[in-house]
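J.: Need coordinates for the below:
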Amino acid sequence: MSANVPTDICFSFTGLMRRGGHTGPHRDGWGVAFYEGRGCRLFQDPRPSVDSEIARLLLRYSIKSCNVICHIRRATHGRVALENTHPFQRELWGRPWVFAHNGKLRRVKRWPLSEYYRPVGTTDSEHAFCWLLGRLRERFSGPPRRRETLWRYLAELARELHVLGSFNMLMSDGRVLYAFCSTHLAWLTRCTPFGEARLLDAELTVDFAKVTTPDDVVTVIATRPLTSNETWTTMPPGSLVVFDGGFPFEVRGNGRILPLPLRHPSLLSDRPYPGLRPS
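T.: Residues are numbered from 1 along each chain as shown. Next up, the predicted model:
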C-alpha cells in the first residue's frame with residue numbers, strides 16, 4: 001500500500017490473511033513491513049497467516065502507515081522457515097529497504113553478490129534482493145539527486161531479473177513504493193469521492209467515505225484483486241510502477257516516466273501529482 005497520509009490497512013490485511021491458507025494455497029508463511037517515520041516495523045511468521053496469532057495481534061494493533069508491504073508465501077525455493085519468510089529488510093544509504101517477491105527466478109543464485117549484502121536464508125527472492133541493493137550501492141554512493149535517475153536504473157535491474165522467470169516484486173525505502181510485474185499485479189487507487197468496498201476473501205464491507213477525508217489518496221497493490229466491487233488496474237508484464245503518496249508513475253522501457261490516471265479524473269484537476277523534473 002502507498003498513501004499520502006498514514007492509513008489503516010486492517011481492511012486489506014484481513015482479506016490477504018484469509019488467502020494465506022484458507023481461501024488460497026499460500027500456507028508457507030507471511031510477513032508485513034510498515035514504516036513509521038524513518039523506522040520500519042517488520043513482523044514475520046512461517047505459519048499460515050490464517051492460523052497465526054501474530055496476524056491476529058496485528059489486526060488489533062491497527063497499523064497506520066504511508067508505505068506498507070505484506071506477503072503470503074507459497075514456497076517454491078527454500079524450505080518453510082522464518083529466515084525464508086518475506087518481506088526481507090536491509091539498509092541502504094541510511095534507510096531501511098524492504099522487499100517481497102512472488103514467483104521463481106531460474107539460476108539467479110549464479111549471479112555474484114557484493115560484499116555488503118548476503119542472504120540469511122536460501123530463497124531465490126532474498127538473493128535477488130541482495131543483488132539489487134548491491135548494484136544500487138555500486139552505481140550510487142548515496143541517493144541520486146534526481147529521484148528519476150534511481151527509478152530508471154531500478155527499472156533496468158528489474159527487467160534483467162524478469163528474464164530469469166517470474167519476478168512480481170514490491171520494494172520500498174519508506175519514501176516511495178516500487179512495483180514490478182512479470183505475470184500478475186494489479187492496483188487500485190481510492191480517492192474522493194469514496195465509496196464502499198467488499199472483500200473477496202471475507203464477509204467484510206467498509207464505507208471509506210466514513211473513515212477518510214477528501215484529501216486522502218490510498219493505493220493498494222496486489223497479485224490478485226482483493227475486492228469484488230471495485231475496478232482494479234492490471235499492470236502489463238515487464239512494467240515498473242512507482243507509487244509516491246498513492247500516486248502512480250510508470251517507468252517506460254525508453255526511460256520516460258509518466259503519471260498514470262487515477263480512477264477519478266476529477267482529482268487530477270484539483271490536486272497536482274508530486275513534482276517530476278522534465279524527463
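J.: gap between the most centrally placed residue in the chain and Asp215?
T.: When C-alpha atoms, centre = their mean is applied to the chain, the residue found nearest the centroid is Leu170 (3.4 Å). Using C-beta to C-beta, to the nearest Å, one obtains 25 Å as the distance from Leu170 to Asp215. Just so you know, the C-beta spots here come from the backbone N, C-alpha and C atoms, and that holds for glycine as well.
J.: Please apply the same query to His101.
T.: For His101, the distance to Asp215 - C-beta to C-beta - is 33 Å.
J.: same question, Arg95
T.: 26 Å.
J.: Which parts of the chain are helices?
T.: 10-19, 53-61, 124-139, 147-162, 266-270 (DSSP state H).
J.: With Ser228 as the reference, name the closest of those.
T.: helix 10-19 (10.1 Å; C-beta to C-beta).
J.: what about Arg95 and Asp215, which has more around it?
T.: Just comparing Arg95 and Asp215: by other C-beta atoms under 10 Å the higher neighbour count belongs to Arg95, 15 against 12.
J.: For the more buried one, list each beta-bridge partner.
T.: Leu92 (DSSP bridges).
J.: Next, the contact list for it, please.
T.: By C-beta atoms under 8 Å, 6 or more residues apart in numbering, the contact list for Arg95 reads 38, 173-175.
J.: Dump those residues into JSON lines; add pLDDT, distance to Asn254 and neighbour count as well.
T.: Output for the contacts of Arg95, formatted as JSON lines (pLDDT from 0 to 100; distance: C-beta to C-beta, whole Å; neighbours: other C-beta atoms under 10 Å):
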{"residue": "Arg38", "pLDDT": "92", "distance to Asn254": "34", "neighbour count": "10"}
{"residue": "Asp173", "pLDDT": "98", "distance to Asn254": "25", "neighbour count": "19"}
{"residue": "Gly174", "pLDDT": "98", "distance to Asn254": "29", "neighbour count": "20"}
{"residue": "Arg175", "pLDDT": "97", "distance to Asn254": "25", "neighbour count": "14"}
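J.: what's the spacing between His52 and Ile72?
T.: Small correction: residue 52 is Ser, not His. 10 Å.
J.: Neighbour count: these two, which is higher?
T.: Legend: neighbour count by other C-beta under 10 Å for Ser52 and Ile72, higher for Ile72 (28 against 20).
J.: Quick check: that one touching Ser49?
T.: Yes - between Ile72 and Ser49 there is a contact under C-beta atoms under 8 Å: 5.6 Å.
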